[in-house]
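> only geometry, no sequence info:
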């Protein structure tokens, strides 16, 4: 839970900075403050990965040296199936954050996702805080994101394609964040044109478009609709990690009535992933409370092609620095390799969807 001090600081920052900064920039600043000073996670929901255990497979001829964690994502080789998730963009702090994290991504050969490019739809003053990622990480996938509100309203049509080209993005996330928008002051709640605009975006954009929840997970009917609308990449971003209802509630005092139900609303990451993995033709991304290499391995065994984390990455970076974060991610890669070795799995292709190496606990 966010401390009383942090909640007070966030509200003061929002009020004072509102004089010089747009509401979007204020929100991005406060998001980082929330993660620095609190831990706004689900209090009554878990990811569901705790229900699974690995089944050892020791009687085989597999040697550790033969176990490979490399994979291909968006046509580029990764050292293991992992992406640093979207965190921030469009504010002063973003330049150093994106610079440092993209250097790690390039060094470790993992993917990197930028924060929302929405501020660039207003003006280009923060362009360098985004482009630094491609400059520092030329050989790995760099992705951007935009909210469903900007798509539904048609706001994307004026500048988004140019932004994507200038940032040299490999793919674009569309964040499906209805609960987050509901809580936000003056948030978008009119999505009457969303399907038509999504179909047009996918047709026009020239790079993969990835549907992503923001911590509430996609239900079975959501996934069916996304596939029908034309998505070939889906990130479940399930419940059990960050509760964006809690984060946004800090900024919207007049709607400070979210309570426990909405702050724990959604489909768990593992459950949403199981719905998605039934569709083998869809590239599946698992995020939402992926906080350690055990959950990475379980996500892959349940059908994910790649995994992603944001909150724990930022918290490690903020508290312990870039070297500690790099060490943590190297440990995650090696632990994933150890799990594959101990369960008799030679490579990532053999691991993806291999639920035979998992046992599900009863109760």
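Perfect, I can see it now. Bear in mind the structure is a predicted one, so any value in this text is a computation, not a measurement.

> how about the strands in the chain?
For the chain, the strands defined by DSSP state E occupy 52-54, 71-73, 76-78, 82-84, 111-116, 142-147, 171-176, 209-213, 233-235, 283-286, 306-309, 358-360.

> Switch these over to CSV; also include mean pLDDT, distance to residue 266 and mean neighbour count.
Bear in mind the C-beta positions are built from the backbone N, C-alpha and C, glycine included. What follows is these, written out as CSV (pLDDT from 0 to 100; distance: least, Cβ to Cβ, whole Å; neighbours: other Cβ atoms under 10 Å):
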stretch, mean pLDDT, distance to residue 266, mean neighbour count
strand 52-54, 98, 19, 16
strand 71-73, 98, 25, 18
strand 76-78, 98, 28, 16
strand 82-84, 98, 21, 27
strand 111-116, 96, 20, 25
strand 142-147, 96, 17, 24
strand 171-176, 97, 11, 25
strand 209-213, 97, 8, 25
strand 233-235, 98, 14, 26
strand 283-286, 98, 15, 26
strand 306-309, 97, 17, 27
strand 358-360, 96, 21, 13
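
> between those strands, which one is nearest to residue 92?
Evaluated over the strands of the chain, closeness to residue 92 peaks at strand 111-116, with 13.0 Å, by Cβ to Cβ.

> What lies in contact with the closest one?
Residues outside strand 111-116 that contact it (Cβ atoms under 8 Å, 6 or more residues apart in numbering): 28, 73-74, 76, 78, 82-90, 94, 98, 101-102, 105, 130, 133, 137, 140-147, 167, 169, 173, 175, 306, 308, 310.

> re the thing from before, residue 340 is nearest to which of the strands of the chain?
Each of the strands of the chain has some distance to residue 340 by Cβ to Cβ; the shortest is strand 52-54, at 10.0 Å.

> Could you please name the strands that closest one pairs with and the direction of each pair?
Strand 52-54 sits in its sheet next to strand 358-360 (antiparallel), going by DSSP bridges.

> quick one: contacts of stretch 74-85?
69-73, 101, 104-105, 108-113, 139-141, 143, 170-171, 208, 285, 287, 296, 300, 304-310, 313, 329, 332-333, 336-337, 348.

> Ends of that stretch, what's the gap?
15 Å (Cα to Cα, to the nearest Å).

> again with stretch 351-361
Stretch 351-361: ends 20 Å apart by Cα to Cα.

> next one: stretch 61-74
Stretch 61-74 has its terminal residues 33 Å apart, counting by Cα to Cα.

> Which parts of the stretch 1-150 of the chain are helices?
Counting by DSSP state H, counting those that start in this stretch, the stretch 1-150 of the chain has helices at residues 4-17, 23-37, 92-108, 118-122, 127-136, 148-152.

> which parts of stretch 309-318 are buried?
Buried residues in stretch 309-318, counted by 16 or more other Cβ atoms under 10 Å: 309, 310, 311, 312, 313, 314, 315, 316, 317.

> whoops, I mixed them up, stretch 85-98
By neighbour count on 16+ other Cβ under 10 Å, the buried set for stretch 85-98 is 85, 86, 87, 88, 89, 90, 91, 94, 95, 97, 98.

> now it: mean pLDDT?
For stretch 85-98, mean pLDDT rounds to 83.

> gap between it and the chain center?
Between the centre of stretch 85-98 and the centre of its chain there are 14 Å (Cα atoms, centre = their mean, to the nearest Å).

> Please apply the same query to stretch 324-337.
Its chain's C-alpha centre and that of stretch 324-337 lie 18 Å apart, by Cα atoms, centre = their mean.

> what comes into contact with stretch 353-363?
Under the contact criterion Cβ under 8 Å, 6+ apart, stretch 353-363 has outside partners 51-55, 57, 277, 280, 298, 301-303, 343-345, 351.

> Where does the prediction get shaky in the protein?
In the predicted model, the chain carries pLDDT under 70 at residues 1-32, 34-35, 38, 90, 250-260, 363.

> repeat that with 80
1-44, 88-92, 183-187, 242-263, 363 (pLDDT under 80).

> Can you tell me, leaving aside adjacent residues, what's nearest to the most centrally placed residue in it?
Of all residues in the chain, the one closest to the mean position by Cα atoms, centre = their mean is residue 85, 4.1 Å from it. Nearest residue to residue 85 in three dimensions, chain neighbours excluded: residue 310, at 3.3 Å (Cβ to Cβ, 6 or more residues apart in numbering).

> tell me the contacts of the one you found?
By Cβ under 8 Å, 6+ apart, the residues touching residue 310 are 84, 85, 86, 87, 113, 242, 287.

> Just send the residues you listed back as a markdown table, with distance to residue 183 too.
Listed next are the contacts of residue 310 as a markdown table, based on distance: Cβ to Cβ, whole Å:
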| residue | distance to residue 183 |
| --- | --- |
| 84 | 26 |
| 85 | 21 |
| 86 | 19 |
| 87 | 19 |
| 113 | 23 |
| 242 | 14 |
| 287 | 20 |
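
> and residue 60, how many neighbours?
When neighbours are defined as other Cβ atoms under 10 Å, residue 60 has 10 of them.

> That one reaches residue 343, doesn't it?
No - Residue 60 is beyond contact range of residue 343, at 9.9 Å (criterion: Cβ atoms under 8 Å).
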